[in-house]
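K.L.:
Fold the stuff below for me.
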Amino acid sequence: MVPYTKAPSVESPPRRLKGRLRFAFLAIFAAAFLLVPAAQAFAETPHLKLNIVGSGSGQIESIKEEVAEIGRGTPPIECSYDGASESGACENVPDLLGGEGTLYAEQLVAEPAVGSELVGWTVESGAAAECPIPGFGTVCLVYAEDGEGIEWEITAEFALSGPPSFPLNLATSGTGTGSFECEVEGTKGACQAAYDDGTEVSVVPVEGTGSEFVEFNAENGGECSGANCEFTMDAAHSANAEFNLIAETFVANRTGEGTIECEDVTEGAGLGACLASYPYGHEVEVVATEEAGWNLEGLTGTGSAAGCSGSPCSFEITESSSVQVTFAAIAHPSTLTVVKGGGGQGTVVSTPSGISCGTEPCEATFEEGDTITLEATEATGSTFAGWLGCRSVSGEVDKCHVTLTSSEVEVTAVFLTEGQQGQSGETPTLTEFDGAHEPAGEPCGGRGGVEVATTTETKYVCNGTIGQDGETPTLTEFDGAHEPAGDPCEGRGGIEIATTTETKYVCNGTIGQDGNGVKSAFPDPKVPRDRPDRLATPVHSAPRGYRARRGPRVRRGHRASRVRPARTPRWPARSSRPRTARRSR
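P.N.:
Numbers count the residues shown, from 1 in each chain. From the prediction side, this is the model:
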């Protein structure tokens, strides 16, 4: 008895019915309509029964044909034969042609198993049948007009076309990849889907890149175990080989005080202690963090980590690899403190690492003389307004550079709440002071600066002036309908802050209160060459409806700043102009 094994090279003709076969269908159906007497009008459901015989094996299916609108019947025929007995659905009721009308039709296709062939079809009963269709030996077509009261019985015969053959089923498992070769009579080559009866076959595992063969086992129905697998093909046989990824060794060394953590990104396990090995092809990330009083001087690697030059470093491990991290003690420590101003929220991080501020201020120790880059990210509902004590990076307003010129340096990052406005109509008063004449409490620690005061709060811009060399700017109010050239506030209105060297605009808010935006005609702050620590101040936003002042009032007891004369408002020319929005104080 030979079990049925579908021949891999056989393609069912109905799946590629074109040209001649479609023409044959049309001719057969035309003849059927002409030959069936019109008097037969008693509806009776046809029935189809299929028999399979012979020494060979195979399968017969009913196939849907789109062009001729032939269905598969109910249930579809799927009848297998193993050389001795049938199995599956071997009888059904054919469908109406096109799903309507009075003509029933169904087509059957034979698929011989490996080592078998179709001998032919026999119509045991049923008048209207073309088995086979001329030119298509594996296709049988049955058809009948409603009312014929006909039942078909069709027999298909399969015979062996050569020695019996049996399938060889091969599968793999494990984390790695691999394939197989088969050795027959001392010759090794690609494995076949089936082998003739009595063939001696030795299955040889072939390791994929970065993988290693572990063993043959019983997974996926495997019949072999251990390192070898051999069969005598007297029946169907199966083999399963396990392949795992090669474990590539990894070493992480350090000098100085700090920590090294690793993550197998492919596994997604998160940062933790570095492992002694990682599977081939996995992505590994290395993160070095210095202890207080130490700096990360370098991170280098070998093997797959040869491209590492700093922390963090990621690489795909494909060979034995290592990293070397160097921490150096800080000889002249300088503490950088980052505080956040304004009513908004956000985070600040530094490069090199050390500063990572969330909701609270933070500090880190670096080498005095180093230049640190800070980057601000506003939280949802907030906006970043600018830096105090830190030089903005050209074209990247959320970044700044600060040089650590002393043992303690402080930087303020200003975050504002989106949409929050200051006191309606209130323009702040700006008062300059030097280090010898600071207000009570010495808010700038003897460095001098500018006081920005409103009726509700007072802020200080330290270690620099808003204007050029102590010049206090002129403030001019404008509404959304009378914006200066270029519409700097995009129709929202605001205040123009002008000095002899630059002009800035506060849009839809005040300087003194937290607003929602600043638009500057000069994105980079003015930094005098002789005083790099004197920085222009970012301006907080202001709402519409302010009364502009010719200039700020000067506090008694403080050194007065030179005040620029009032400027003429830039109202558009028209017959009815509003009253001037500026007045002197």
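
K.L.:
in this protein, which ranges drop under the pLDDT threshold?
P.N.:
Per-residue confidence of the chain (counting by pLDDT under 70) places the weak regions at 1-44, 127, 146-149, 359, 419-430, 450, 452, 454-455, 461-475, 506-585.

K.L.:
how much space between residue 187 and residue 227?
P.N.:
With the distance defined as CB to CB, to the nearest Å, residue 187 ends up 21 Å from residue 227. (Each C-beta comes from the backbone N, C-alpha and C, glycine too.)

K.L.:
Neighbour count for the two, which is higher?
P.N.:
The residue with the greater number of neighbours, taking residue 187 and residue 227 and applying other CB atoms under 10 Å, is residue 227; the counts read 10 against 7.

K.L.:
my read: the more buried one touches residue 217, true?
P.N.:
No: under the criterion of CB atoms under 8 Å, residue 227 makes no contact with residue 217, lying 11.1 Å away.

K.L.:
For the helix or strand where residue 180 lies, which outside residues touch it?
P.N.:
Taking DSSP states H and E as the criterion, residue 180 maps to strand 178-184. Outside strand 178-184, the residues that touch it by CB atoms under 8 Å, 6 or more residues apart in numbering are 168, 170, 172, 188-192, 195, 199-208, 211, 213, 239, 241, 243.

K.L.:
same thing but 6 Å
P.N.:
With CB atoms under 6 Å, 6 or more residues apart in numbering as the contact definition, strand 178-184 has outside contacts at 170, 172, 188, 191, 201-208, 211, 243.

K.L.:
Give the buried residues for that strand.
P.N.:
178, 180, 182 (16 or more other CB atoms under 10 Å).

K.L.:
With respect to residue 504, which of these is nearest?
P.N.:
Taking CB to CB as the measure, residue 504 lies nearest residue 178 of the buried residues of strand 178-184, at 67.7 Å.

K.L.:
Leaving out sequence neighbours, find the closest residue to the closest one.
P.N.:
residue 243 (3.8 Å; CB to CB, 6 or more residues apart in numbering).

K.L.:
The one you found bridge partners, please.
P.N.:
In this entry, residue 243 is beta-bridged to residue 213, by DSSP bridges.

K.L.:
mind listing what it touches?
P.N.:
By CB under 6 Å, 6+ apart, the neighbours of residue 243 are 172, 174, 176, 177, 178, 211, 213.

K.L.:
now, the most widely separated pair of the contacts of strand 178-184?
P.N.:
Farthest pair in these, by CB to CB: 201 and 211, 23.3 Å.

K.L.:
ranges for the helices of the chain?
P.N.:
20-35 (DSSP state H).

K.L.:
and the gap between residue 268 and residue 247?
P.N.:
With distances defined as CB to CB, the gap from residue 268 to residue 247 amounts to 18 Å.

K.L.:
gap between the two ends of stretch 53-60?
P.N.:
In terms of CA to CA, to the nearest Å, the two terminal residues of stretch 53-60 are separated by 12 Å.

K.L.:
Can you list the buried residues in that stretch?
P.N.:
53, 54, 56, 57, 58, 59, 60.

K.L.:
One more: stretch 156-169?
P.N.:
Across stretch 156-169, burial judged by 16+ other CB under 10 Å covers 156, 157, 158, 159, 160, 164, 165, 166, 167, 168.

K.L.:
Do I have it right that the second one meets residue 56?
P.N.:
Yep, that's residue 157 we're talking about. No: under the criterion of CB atoms under 6 Å, residue 157 is not in contact with residue 56, lying 8.1 Å apart.

K.L.:
Who does residue 299 form a beta bridge with?
P.N.:
So, taking DSSP bridges as the rule, residue 299 has residue 325 as bridge partners.

K.L.:
Starting from the strand holding residue 180, tell me which strands it pairs with and how they run.
P.N.:
Checking strand 178-184 against DSSP bridges gives partners strand 187-189 (antiparallel), strand 199-207 (antiparallel).

K.L.:
Looking at the ones you listed, which one is packed in the most?
P.N.:
For the strands paired with strand 178-184, the stretch with the most neighbours on average is strand 199-207, a mean of 17; neighbours defined as mean count of other CB atoms under 10 Å.

K.L.:
Return the distance of that strand from the chain's centre.
P.N.:
From the chain centre to the centre of strand 199-207 is a distance of 41 Å (CA atoms, centre = their mean, to the nearest Å).

K.L.:
Which residue ranges make up the domains of this protein?
P.N.:
Recorded structural domains for the chain (assignment: automatic domain parsing) are 13-160, 166-245, 249-329, 333-417, 422-585.

K.L.:
Looking at the buried residues of stretch 53-60, which two lie furthest apart in space?
P.N.:
Spatial extent of the buried residues of stretch 53-60 (CB to CB) is set by the pair 53 and 59 at 13.9 Å.

K.L.:
how much space between the closest residue to residue 375 other than its chain neighbours and residue 326?
P.N.:
On the basis of CB to CB, 6+ apart, the spatially nearest residue to residue 375 that is not a chain neighbour turns out to be residue 399, at 4.9 Å. According to CB to CB, residue 399 and residue 326 sit 27 Å apart.

K.L.:
before we move on, what about residue 73?
P.N.:
Distance check for residue 73 against residue 326: by CB to CB, it reads 78 Å.

K.L.:
Which of those two has more residues huddled nearby?
P.N.:
Counting neighbours by other CB under 10 Å for residue 73 and for residue 326 shows that residue 73 has the greater number, 23 against 16.

K.L.:
Backbone dihedrals for that one, please?
P.N.:
Torsion angles at residue 73 (phi, psi; degrees, to the nearest 10) stand at phi 80, psi 170.

K.L.:
Touching, it and residue 107? I think so.
P.N.:
No: using CB under 6 Å, residue 73 and residue 107 do not qualify as a contacting pair, with a distance of 9.7 Å.

K.L.:
still on that earlier bit, any idea how far the residue nearest to residue 375 lies from residue 106?
P.N.:
With the distance defined as CB to CB, residue 399 ends up 75 Å from residue 106.

K.L.:
repeat for residue 364
P.N.:
Between residue 364 and residue 106 the distance is 82 Å, computed by CB to CB.

K.L.:
wait, what's in contact with residue 316?
P.N.:
Counting by CB under 6 Å, 6+ apart, the residues that residue 316 touches are residue 283.

K.L.:
How about it: which residues does it bridge to?
P.N.:
Beta-bridge partners of residue 316, counted by DSSP bridges, are residue 283.

K.L.:
State the distance from it to residue 209.
P.N.:
Per CB to CB, residue 316 is found 13 Å from residue 209.

K.L.:
Reformat the buried residues of strand 178-184 as JSON lines; add distance to residue 499.
P.N.:
As requested, the buried residues of strand 178-184 are arranged in JSON lines below (distance: CB to CB, whole Å):
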{"residue": "178", "distance to residue 499": "74"}
{"residue": "180", "distance to residue 499": "81"}
{"residue": "182", "distance to residue 499": "87"}
